[in-house]
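Visitor: Next input, structure requested:
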Amino acid sequence: MWYRKNGKLIGVLNDYDVSSSANVVGPRGNERTGTVPFMALDVLSAKAQRGEVKHLYRHDLESFKWVFAWVFLRYREAVLLPRGSRPFDEWATLDAVACGEKKLFFLENAFDYQPPELRTSELDIDWSLWELLVECFEALDTAAYNRRTRVRRIRLLQQRSMDGAGERINQYQIWMICWANSQVLWPGLSSAIVYLQCH
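Guide: From the prediction side, this is the model:
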């Protein structure tokens, strides 16, 4: 969909048929849309494919990061690199769960994917884009780690509470753990935002 404003074309992307209502609690099971190589890691799990994971705004942001990596690492000067010299070809043919596993491998080994010509490039834009890509995925990795840590702590506290090992855990204590874990994410995101503003 598009429209004109002040002589410019403005594009609009929306999928209201699969949108989520903000006041609906839990997943609805109809959020599984997208092109697998660009989908967020959270929605590439077996649980998510069964419709048990609610679609969140951060999934859309993460999808943009995957598109960015796809384009940056597979194209040079708007030309698709030849087979064998471009990564991620198999991502387009894998099922969601297998693609998620490949993406996790990519995150753990991102520097192995650095374009060879970048090592000899004197263009600041090439290095700036590579650094931005790495910082985006570092922020993503940090955020995912913080979420996993928060979930583990909450489950441990809930388990201890149910087992009677210690005091009953109240909602305030759980909220404090969530807040403390979220503080680690913001420096990573804010550095990426500052980077974008400066370049």
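
Visitor: Mind listing what's buried along stretch 97-112?
Guide: Applying a neighbour-count criterion of 16 or more other C-beta atoms under 10 Å, one finds 99-100, 102-103, 106, 110 buried in stretch 97-112. Yep, even glycine has a C-beta here, placed from its N, CA and C like the rest.

Visitor: Give me the lowest-pLDDT entry from those.
Guide: Going through these one by one, the lowest pLDDT turns up at residue 110, 83.

Visitor: list the contacts for that one?
Guide: By C-beta atoms under 8 Å, 6 or more residues apart in numbering, the contact set of residue 110 is 133-134, 137.

Visitor: And it, how far from residue 65?
Guide: Between residue 110 and residue 65 the distance, using C-beta to C-beta, to the nearest Å, works out to 12 Å.

Visitor: counting contacts, what elements does the lengthiest helix in the chain pack onto?
Guide: Secondary structure of the chain per DSSP state H: the longest helix is helix 124-163. Helices and strands in packing contact with helix 124-163 are listed as helix 57-74, helix 96-108, helix 171-198; criterion 3 or more C-beta pairs under 8 Å, 6 or more residues apart in numbering; DSSP states H and E.

Visitor: one step back: make a markdown table from the buried residues of stretch 97-112 and add distance to residue 53 to it.
Guide: Shown next, in a markdown table, are the buried residues of stretch 97-112 (distance: C-beta to C-beta, whole Å):
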| residue | distance to residue 53 |
| --- | --- |
| 99 | 15 |
| 100 | 12 |
| 102 | 19 |
| 103 | 16 |
| 106 | 21 |
| 110 | 24 |
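
Visitor: which among those gets closest to residue 119?
Guide: Distance to residue 119, by C-beta to C-beta, is smallest for residue 110 among the buried residues of stretch 97-112, at 15.1 Å.

Visitor: Next, the buried residues of stretch 124-136.
Guide: Counting neighbours by 16+ other C-beta under 10 Å, one finds that the buried residues in stretch 124-136 are 126, 129-130, 132-133, 135-136.

Visitor: As TSV, the contacts of residue 110 with distance to residue 117 would be great.
Guide: Listed next are those as TSV, based on distance: C-beta to C-beta, whole Å:
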residue	distance to residue 117
133	15
134	17
137	20
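
Visitor: could you point out where this structure is predicted with low confidence?
Guide: Low-confidence segments of the chain, defined by pLDDT under 70: 1, 12-33, 163-199.

Visitor: please redo it, this time with the cut-off set to 90
Guide: Using pLDDT under 90 as the threshold, the predicted model of the chain has low-confidence ranges 1-5, 7-35, 42, 47-61, 64, 72-73, 75-78, 84-86, 104, 107-199.

Visitor: Are there residues contacting both of residue 110 and residue 65? Which ones?
Guide: Here residue 110 and residue 65 have residue 137 as joint contacts, going by C-beta under 8 Å, 6+ apart.
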